[in-house]
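> Model the structure of this input:
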Amino acid sequence: MCSKSARAPMDPFDFSERHSILICARPETILNSVRRYRLGDDPLLRPALYLRGLPGRLLHAPSPPPLELQDFTLLSQTNRSLVYGLKGTFWRTDYGLRRFDTPMEFLGDRDASAATLILSFMTGPAKRGRTRLVTQTHILCPTSHVRRHFLPYLACDPPRQWPAAATHAVPDQGAM
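Predicted structure coming up:
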């Protein structure tokens, strides 16, 4: 993860991460695994989910289910990539999610009280029949108020960890 000051001045995002992994599977298999991935089923992320729900439990607030990819708006889909977007006040115990039916609604929303999260999964050819999966997470906090509220959330942010974690769900297909 890098802060805004550590990146190029033209980058509109406040936080960005990029991960890459070689997988012995075809692009369509990888993207189908990403679509089916369930955060709550991943034993590696359960501790982060527990931490994320701790404030609500301490406040005796109703705990919403963990965020899943179905909570996101599908912004773009090709045979080699998926891009999802989510807007909300994620630091609140109920996530404060904004719902959008279309990519245009999502992209046209200018609510400055919410953070914007973009997850992308891109596949490309690699050596020896493998596929390179590149995952990127971008977060935009439109105001200093949103940024201040969002920073503590980053410590146990499961959605930011999805791209890397989802790669564990891809079945190894041996040599292709």
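
> Every contact and neighbour count from this point should use C-alpha atoms.
Noted.

> and Lys127, how many neighbours?
Residues within reach of Lys127, counting by other C-alpha atoms under 10 Å, total 8.

> List the contacts of it.
When contacts are counted by C-alpha atoms under 8 Å, 6 or more residues apart in numbering, Lys127 touches no other residue.

> Same check on the one 5 residues further on?
Residues touching Arg132, when contacts are defined by C-alpha under 8 Å, 6+ apart, comprise 20-23, 123-126.

> what about it, which helix or strand?
Element membership of Arg132, judged by DSSP states H and E, is strand 131-140.

> Enumerate the positions of whichever helix or strand comes after that strand that are buried.
Next along the chain after strand 131-140, taking DSSP H and E as the criterion, comes helix 144-154. The neighbour-count check on helix 144-154 (16 or more other C-alpha atoms under 10 Å) flags 146-147, 149-150, 153-154 as buried.

> from the contacts of Arg132, which single one is nearest Leu74?
Thr123 (16.8 Å; C-alpha to C-alpha).

> Can you tell me the closest non-neighbouring residue to the closest one?
Spatial nearest neighbour of Thr123, excluding adjacent residues (C-alpha to C-alpha, 6 or more residues apart in numbering): Leu133 at 4.6 Å.

> any idea how far that neighbour lies from Arg38?
Separation of Leu133 from Arg38 (C-alpha to C-alpha, to the nearest Å): 18 Å.

> who has more neighbours, those two?
Between Leu133 and Arg38, counted using other C-alpha under 10 Å, the more crowded position is Leu133 (25 against 18).
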